[in-house]
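Enquirer: Structure for this input, please:
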Amino acid sequence: MVREIVIWPDPILKEVAKPVDRVDDSIRRLLDDMAETMYAADGVGLAAPQVAVLKRVIVIDTSPRQEGQKLLHLVNPEIVRYEGETTWTEGCLSIPGEAEDVDRAAKVWVRALDYHGKPFELEADDLLAIALQHETDHLQGTLFVDHLSSLKRELIRKRMKKLKTQRAEESARAVRDAPKHERAL
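Expert: Modelled structure (predicted):
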C-alpha cells in the first residue's frame, strides 16, 4: 500500500525514531508499504518517519542509478564506521523539488536486521553510502537541509510551507467539487 509521505517542516520529521524490538509481520508490512511508496515516488530511499511511523526502519534501492544494487530492508540500522569525504547533490521525498550539495562520508559500514530479522553487515560507497547516511539521519530527526546554511534552509522551508498550503487547497477543492450522491450506501 502506498502511504502518504510527510512534507517538511512537519514536526514528526524532527523526532527520534524508536528501535524495533522484533521483526514481525507488522514490521514486514511496513517495509513492504515503504518500498511501494518509495518506488511510486521515484525515490532511492525512505525512512519510516517519512510515512509518520517513528520506528528505526528504512528501505533503499539505488539500482536505477547504481549498477549491482537491489532493494535493501534495514531494521535498526547503525552506521559503525565512516571513511573519506565526498559532496553529493541530495534531494528528499519529504522536501520535493529541492536538491542541494551535502558533505558526507565517501564510504560507510552498516549493521542492521534484514526483512526476516536476521543481522547483517554492509559496506557501501557511492550513492548507496550517501543514501544510507541520508536515511539513517531521518531516524535521528535530521534532514539534509540541516546540513545547509540557515539561509538556504529557511528559503526551502518557506517553499515547502507554500507547497503544503497549495496541496491542502487542492485537496479541499477536490472534496468540494466531488459529485454529490443523493443516497449513500
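Enquirer: tell me what the strand or helix carrying H73 is packed against?
Expert: Assigning secondary structure by DSSP states H and E places H73 in strand 72-83. Strand 72-83 is packed against helix 25-40, strand 57-60, strand 107-113, helix 126-139, with contacts defined by 3 or more CB pairs under 8 Å, 6 or more residues apart in numbering; DSSP states H and E. (Glycine included, C-beta is placed from N, CA and C.)
Enquirer: switch the cut-off to 7 Å
Expert: Applying 3 or more CB pairs under 7 Å, 6 or more residues apart in numbering; DSSP states H and E, we find strand 72-83 packed against strand 57-60, strand 107-113, helix 126-139.
Enquirer: separation between T62 and A168?
Expert: The gap separating T62 from A168 is 33 Å, by CB to CB, to the nearest Å.
Enquirer: who's more crowded, the two?
Expert: Using other CB atoms under 10 Å as the criterion, T62 and A168 rank with T62 on top: 22 against 10.
Enquirer: Could you list the buried residues of the longest helix seen in the chain?
Expert: Secondary structure of the chain per DSSP state H: the longest helix is helix 150-177. By neighbour count on 16 or more other CB atoms under 10 Å, the buried set for helix 150-177 is 153, 156, 160, 163.
Enquirer: Stretch 102-115 now?
Expert: Residues of stretch 102-115 classed as buried by neighbour count (16+ other CB under 10 Å): 102, 104-110, 112-113, 115.
Enquirer: and the residue lying closest to V75 once chain neighbours are set aside, what is it in contact with?
Expert: Excluding its sequence neighbours, the residue lying closest to V75 (CB to CB, 6 or more residues apart in numbering) is L113, at 4.0 Å. The contact partners of L113, taken as CB atoms under 7 Å, 6 or more residues apart in numbering, are 23, 75-76, 119.
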